[in-house]
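> Predicted coordinates and the sequence they were generated for:
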Amino acid sequence: MDKRYALGIDFGTESGRAVLVDIHNGEELASHITPYPHGVMDERLPGSGRALGANWALQHPEDYMAVLRKSVPAVMEISGIHPARVIGIGIDFTACTMLPIDRNGVPLCYHDAFRDEPHAYVKLWKHHAAQEQANRINETARRRGEPFLSRYGGKSSSEWMLAKAWQVLSEAPHVYDAADRFMEAADWVVGQLAGRPVRSGCCAGYKAFWSKEDGYPGEAFLRALDPRLERFAIDKLRGEVLPLGERAGELTEGLAAELGLAAGTAVAVGIIDAHAGVAGVGAVHSGQMVMAMGTSLCHMLISDKKIYADGVSGVVEDGIIPGLYGYEAGQPAVGDIFGWFVEHQAPAYVTGLAESEGIGVHDWLERRAAQLRPGQHGLLALDWWNGNRSVLVDADLSGLIVGLTLQTKPEEIYRALLEATAFGTRKIIETLERAGVEVKELLACGGLPKRNRLLMQIYADVTGRTIKVAASEQTTALGAAMFGAVAAGPGHGGYSDIAEAARHMARVRDEYFVPDAERGEVYDRLYRSYVQLHDLFGRGGCEVMKELLAVKLETSRRQLADDKI
Ligand SMILES: Nc1ncnc2c1ncn2[C@@H]1O[C@H](COP(=O)(O)OP(=O)(O)O)[C@@H](O)[C@H]1O
Ligand SMILES: O=C(CO)[C@H](O)[C@H](O)COP(=O)(O)O
């Protein structure tokens, strides 16, 4: 039988990577990473250098095309595979990463008139400057008893489509008016490949309040937010919403020639990056929870049960695995917190020692931290360096470390940070189980499980659960490739559904992280204190984090105004 291949393209926070996969056994033949030339723009716009406000995070759509133009030809060249044998392309993307486009699908930031306008660029998932809009969405939806809010744990996030688009309308109405539509970047890239813009039910379901039964929130609700938003869903989100596994279209001749692929290759509906990891690790059954562990941590639970759990970012039918309910919860900073510590807090003697031992700073800190017993450092941290996504859903919360003394060492703080993120995960699992959905099995994918064994052991000890780790180094891209094989369908040598694709292509490692009862007892005790801090700072008992942010925002507004003078 002729060999067939699928291409998975993973658009992450800092870079995009293409992976070419053998659809018969999931073997990865070639992969290539392209860092985004503009990176994450969180201080200034490119070109003019115009300053951005606090909590902004933008990207440039040109960078996504750069990934296609560099990484796709690179994997084709490395593998030497004939383009005709590549039967499908799947892409996964961070979300809600959204952009305004004109009626020809061209991003507004490409137009000279908007080049210096921050609101014309892509708002990255971690753009957190629309909290005011998110708060008003929540209040209004609650007041009106809008049923859609219960699908999202009773609270929506500033990261999502409506809050971000409303921020555009509030602060740059001319950009809002000029936008023919707002697109998820996933859908925009799929539109570039397939030549027709379709929307992903996964992105729309988790990030734009869309559901299979009810569509988007109605005009009356949108009008109650702001009369100018009344037709937001009808006009600015218009376009067919397709379920995962569907074919969005076929690769256009123009891009096929540029990328070194065959015109007409099936292009799958886009999927959120973390969600692609679920298929990639082969979790297609009720009760399986996958943790996509990288910059952030997304928890995806597959279930045959539909319940509404407070503070869980969403339950969407067919949202992750067609035919089942998909729950998403998450922590918006995990690897980013450890990265922050290494970059900004590790003293020179630590970086020097790591260098002299020929290892990275993370590895040095991990080795030292692994010599400590749970609780030995006397520290406890709240993992909210980038706000809290679940279960408090509040981007305005911030990080905290309690217990510091003059004796505290860097490796002790590093370990406390690893533990804080594990406590955050335990809180999410407990919230889901208390609401009535069972978490039977825990699997992990993403960059962190391979990089930091101590972290994984702490997660097992803190949650009291065995953790299985994905075999693939590129689980999200593998998952995207699996959807590419499904989009091609059996008629073109692909698969009929994602469960069939998973049977052939997904793998976990033979090695598991098993919880230790003695360490678990200490962590049970520390977790009780974590919950105390969590509720005190997160549920209104102590408003210091909010007050600090208010002062910071006022000062930054004054600074921006002074800079303009
Ligand atoms: N050894 C390590 N231990 C803990 N965190 C790490 C280590 N090495 C890198 N990181 C963090 O991992 C994150 C990158 O994870 P990765 O899965 O590669 O990226 P992404 O989430 O963007 O796909 C960064 O935030 C980085 O700070
Ligand atoms: O909100 C998301 C998924 O719902 C983001 O896509 C995700 O948090 C980005 O993650 P990473 O940079 O770790 O891939």
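Perfect, I can see it now. Ligands and ions are numbered 1, 2, ... in the order given.
> only C-alpha atoms for contact and neighbour calcs from this point on.
OK.
> got the contact list for the helix or strand encompassing residue 554?
Assigned by DSSP states H and E, residue 554 belongs to helix 544-564. Defining contact as CA atoms under 8 Å, 6 or more residues apart in numbering, one finds that helix 544-564 is touched by 51, 53, 54, 396, 397, 398, 537.
> now with 7 Å?
Helix 544-564 is contacted from outside by 54, 396, 397, 398, using CA atoms under 7 Å, 6 or more residues apart in numbering.
> The third one contacts residue 390, correct?
No: the pair residue 397 and residue 390 does not pass the contact test of CA atoms under 7 Å, sitting 11.7 Å apart.
> Find the nearest non-adjacent residue to whichever residue of the stretch 401-550 of the chain sits closest to ligand 1, please.
With CA to the nearest ligand atom as the measure, residue 447 is the residue of the stretch 401-550 of the chain nearest to ligand 1, at 3.2 Å. If you skip the residues right next to it in sequence, residue 447 has residue 294 as its closest partner in space, 5.3 Å away by CA to CA, 6 or more residues apart in numbering.
> same check, this time on residue 513
Nearest residue to residue 513, sequence neighbours excluded (CA to CA, 6+ apart): residue 467, at 5.1 Å.
> List, one by one, the residues from the chain near ligand 1.
Contact residues (CA under 6 Å from any ligand atom) of the chain with ligand 1: 12-14, 294-296, 335-336, 338-339, 362-363, 446-448, 451-452.
> in the stretch 351-500 of the chain, which spans are strands?
Counting by DSSP state E, counting those that start in this stretch, the stretch 351-500 of the chain has strands at residues 380-382, 400-402, 441-445, 467-470.
> tell me the mean pLDDT for the second one?
pLDDT averaged over strand 400-402 equals 98, rounded to a whole number.
> For whatever residue of the stretch 51-200 of the chain ends up closest to ligand 2, give me its contacts.
Residue of the stretch 51-200 of the chain nearest ligand 2, by CA to the nearest ligand atom: residue 94 (3.1 Å). By CA under 7 Å, 6+ apart, the residues touching residue 94 are 11, 12, 13, 125, 272, 273.
> May I ask you to confirm that the second one is in contact with residue 92?
No: checked against CA under 7 Å, the pair residue 12 and residue 92 is beyond contact range at 8.4 Å.
> Who has more neighbours out of the two?
More crowded of residue 12 and residue 92, by other CA atoms under 10 Å: residue 92, with 33 against 21.
> tell me the SS of that one?
For residue 92, the assignment made with DSSP: H, G, I helix; E, B strand; the rest coil gives strand.
> got a pLDDT number for residue 430?
97.
> Can you tell me how far it is from residue 259?
Going from residue 430 to residue 259 by CA to CA, to the nearest Å gives 46 Å.
> Looking at the two, which one has more neighbours?
Using other CA under 10 Å as the criterion, residue 430 and residue 259 rank with residue 259 on top: 19 against 15.
> Can you list the low-confidence ranges for the stretch 1-150 of the chain?
Scanning the stretch 1-150 of the chain for pLDDT under 70 picks out 1.
> rewinding a little: where does the helix holding residue 554 sit relative to the chain's centre, distance-wise?
For helix 544-564, the separation from the chain centroid amounts to 28 Å (computed by CA atoms, centre = their mean, to the nearest Å).
> List the buried residues in that helix.
Within helix 544-564, the residues that qualify as buried are residue 546, counting by 16 or more other CA atoms under 10 Å.
> Next: stretch 372-389.
Buried residues in stretch 372-389, counted by 16+ other CA under 10 Å: 374-375, 377, 379-389.
> Could you export these as JSON lines, including distance to residue 39 and pLDDT?
Shown next, in JSON lines, are the buried residues of stretch 372-389 (distance: CA to CA, whole Å; pLDDT from 0 to 100):
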{"residue": "374", "distance to residue 39": "37", "pLDDT": "98"}
{"residue": "375", "distance to residue 39": "38", "pLDDT": "98"}
{"residue": "377", "distance to residue 39": "36", "pLDDT": "98"}
{"residue": "379", "distance to residue 39": "34", "pLDDT": "98"}
{"residue": "380", "distance to residue 39": "33", "pLDDT": "98"}
{"residue": "381", "distance to residue 39": "29", "pLDDT": "98"}
{"residue": "382", "distance to residue 39": "28", "pLDDT": "98"}
{"residue": "383", "distance to residue 39": "24", "pLDDT": "98"}
{"residue": "384", "distance to residue 39": "23", "pLDDT": "98"}
{"residue": "385", "distance to residue 39": "20", "pLDDT": "97"}
{"residue": "386", "distance to residue 39": "18", "pLDDT": "94"}
{"residue": "387", "distance to residue 39": "21", "pLDDT": "95"}
{"residue": "388", "distance to residue 39": "24", "pLDDT": "95"}
{"residue": "389", "distance to residue 39": "23", "pLDDT": "91"}
